[in-house]
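**Student:** got a structure for you, letters missing:
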């Protein structure tokens, strides 16, 4: 069980690190003017669009722009807190993992629904999003399993505590 927990921590921490860096540097280029960014970042963003043929990033519809704003305002701070919580072994990081995982499942449902429904997505683009699905499920499971462990331990102590009182 310890190895699975460490693996889940590693997956969620890696995703949180990626989001903590990528959201302000790359995702924000979708909603803010590119003149605010250094040329190398804009070039990397353009390379990404060309390399993965990400039509949503290239010509974002209003719904996608709204999701990106949610990423920046909501998910980015949660991922920063989550990374800190995992690295410092805070108990509340289970909650931030659960929040980030549920958010990503919701986000990916909208994105993948558009990609699959429109028929515009390439296999390579869908493969790019696959690790995020793995993260989302892992983060939800980490949050749920970590939250139930202290409760289970407290419940197992309750009957013995009652015996000692009597």
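**Tutor:** Alright, I've got the coordinates. Predicted model only: the values in this text are computed from it and were never measured.
**Student:** what about residue 101, neighbour count?
**Tutor:** When counting by other C-beta atoms under 10 Å, one arrives at 23 neighbours for residue 101. (Each C-beta comes from the backbone N, C-alpha and C, glycine too.)
**Student:** contact partners for it?
**Tutor:** Going by C-beta atoms under 8 Å, 6 or more residues apart in numbering, residue 101 touches 12, 135, 136, 137, 138, 139, 140, 141, 142, 143.
**Student:** which helix or which strand is home to it?
**Tutor:** helix 93-118 (DSSP states H and E).
**Student:** what's the answer for residue 89, then?
**Tutor:** Using DSSP H and E, residue 89 falls outside every helix and strand.
**Student:** how far away is it from residue 64?
**Tutor:** From residue 89 across to residue 64, the span is 36 Å (C-beta to C-beta, to the nearest Å).
**Student:** between those two, point out the one with more neighbours.
**Tutor:** Neighbours per residue, other C-beta under 10 Å: of residue 89 and residue 64, the larger number sits with residue 64, 18 against 8.
**Student:** ok, now which ones touch the closest residue to that one other than its chain neighbours?
**Tutor:** Closest residue to residue 64 in three dimensions, ignoring its sequence neighbours and counting by C-beta to C-beta, 6 or more residues apart in numbering: residue 56, at 5.0 Å. By C-beta under 8 Å, 6+ apart, the contact list for residue 56 reads 64, 111, 114, 115.
**Student:** helix or strand right after the helix or strand encompassing residue 56?
**Tutor:** Per DSSP H and E: residue 56 is located in helix 55-58. Tracing the chain past helix 55-58, the next element assigned as helix or strand by DSSP H and E is helix 62-70.
**Student:** list the buried residues of that following helix.
**Tutor:** 64, 67, 68 (16 or more other C-beta atoms under 10 Å).
**Student:** show the contacting residues for the residue nearest to the last one when sequence neighbours are not counted.
**Tutor:** With sequence-adjacent residues excluded and distances taken as C-beta to C-beta, 6+ apart, residue 68 is closest to residue 30, at 4.8 Å. Taking C-beta under 8 Å, 6+ apart as the criterion, residue 30 is in contact with 57, 60, 64, 65, 68.
**Student:** just to revisit the earlier point, buried residues in the helix holding residue 101, which are they?
**Tutor:** Quick answer for helix 93-118 (16+ other C-beta under 10 Å): 93-101, 103-105, 107-108, 111-112, 114-115.
**Student:** swap in stretch 16-33?
**Tutor:** 16, 17, 19, 20, 23, 26, 27, 28, 29, 30.
**Student:** tell me where this structure has strands.
**Tutor:** Using DSSP state E, no strands are found in the chain.
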